[in-house]
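**Student:** My questions are about this predicted structure, shown below with the sequence.
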Amino acid sequence: MYIGFCSTQLLKEEAKMLARVTILFTMVLSLGVSASAKGGKIRWLEDPEAAMAMAKKSGKGMMLYFTSDG
């Protein structure tokens, strides 16, 4: 497709630049949103029963992390 004086190579370069700018804008926006969100603090508890009781009381989810000593 020929548009005025623009070549197809120029249009491809503009498309690449637009894609890079869009990705960068999305990353900056997501960082800003996550930084401004309330919460985000993770409490680590050694006792699984106490952790389950706290998660149930607060109504929040819980993630268990298992490791092996051997």
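**Tutor:** Great, that's in hand.
**Student:** only C-alpha atoms for contact and neighbour calcs from this point on.
**Tutor:** Will do.
**Student:** Now do the helices in this protein.
**Tutor:** 8-36, 48-58 (DSSP state H).
**Student:** Residue 44 and residue 16, how far apart?
**Tutor:** Look at residue 44 and residue 16: by C-alpha to C-alpha, to the nearest Å, they are 44 Å apart.
**Student:** nope, residue 53 is what I meant
**Tutor:** Distance from residue 53 to residue 16, by C-alpha to C-alpha: 51 Å.
**Student:** same question, residue 65
**Tutor:** Residue 65 is 41 Å from residue 16, by C-alpha to C-alpha.
**Student:** Between these two, tell me which one has more neighbours.
**Tutor:** Using other C-alpha atoms under 10 Å, the more surrounded residue of residue 65 and residue 16 is residue 16, with 12 against 5.
**Student:** and the more buried one, how far is that from residue 22?
**Tutor:** 10 Å.
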